[in-house]
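Undergrad: no sequence on this one, just coordinates:
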């Protein structure tokens, strides 16, 4: 279905965009950490590494077939807990809490929307894979030269040589 393909596209766009934003923010936080007063440097690096790990997890979820339920739980827990912590620290006027609440809140919302798109995205990916297999099967039945390379593969997945039958004939 076309709507499922749209869901897959939106699913990937949300996750990969969040990954890019988190990576940029993580790098910026890592570059800023040495300039922070020594008593807060560890926290600065911790935030940088957390953003980079979140970026990697989001990129993985966006690039792979929709799935990995445990990974979803880890990603959502991380961003939701960071958002709630930042919101709770707002009442104490903690430096950086408003920005962290906003950034982490937007990231958790984008991740939750992507999670909602997970089922239709999985359907679209499955349909695309089944459609590709059906086209290759049809081409193989019709004797298409392009399908011969795809269907005549050795165990390593590389195209088998077309000279083998001739060599086998000569050896016999």
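TA: Perfect, thanks for sending it. Bear in mind the structure is a predicted one, so any value in this text is a computation, not a measurement.
Undergrad: now the longest helix along the chain: mean pLDDT?
TA: Using DSSP state H, we find that the single longest helix of the chain is helix 2-32. Averaging pLDDT along helix 2-32 yields 92.
Undergrad: gap between the residue most central in space within the chain and residue 112?
TA: Among the residues of the chain, the one closest to the centroid is residue 62, at 2.3 Å (C-alpha atoms, centre = their mean). The gap separating residue 62 from residue 112 is 14 Å, by C-beta to C-beta, to the nearest Å. Every residue, glycine included, has its C-beta placed from N, CA and C.
Undergrad: repeat for residue 46
TA: Distance, residue 46 to residue 112, by C-beta to C-beta: 24 Å.
Undergrad: When those two are compared, which one has more neighbours?
TA: More neighbours surround residue 112 than the other of residue 46 and residue 112, with 15 against 12 (other C-beta atoms under 10 Å).
Undergrad: The more buried one against residue 76, yeah?
TA: Yes. Residue 112 is in contact with residue 76 according to C-beta atoms under 8 Å; the separation is 6.8 Å.
Undergrad: Could you tell me which ranges of this structure sit under the pLDDT cut-off?
TA: For the chain, the stretches flagged by pLDDT under 70 are 1, 65-67, 144-172.
Undergrad: Break down it into its helices, ranges please.
TA: Using DSSP H, helices in the chain cover 2-32, 38-63, 69-90, 97-116, 118-142, 145-151, 164-171.
Undergrad: list the helices and strands the first one packs on?
TA: If contacts are counted by 3 or more C-beta pairs under 8 Å, 6 or more residues apart in numbering; DSSP states H and E, helix 2-32 sits against helix 38-63, helix 97-116, helix 118-142.
Undergrad: could I get those as TSV with distance to residue 29?
TA: Output for these, formatted as TSV (distance: least, C-beta to C-beta, whole Å):
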stretch	distance to residue 29
helix 38-63	4
helix 97-116	10
helix 118-142	29
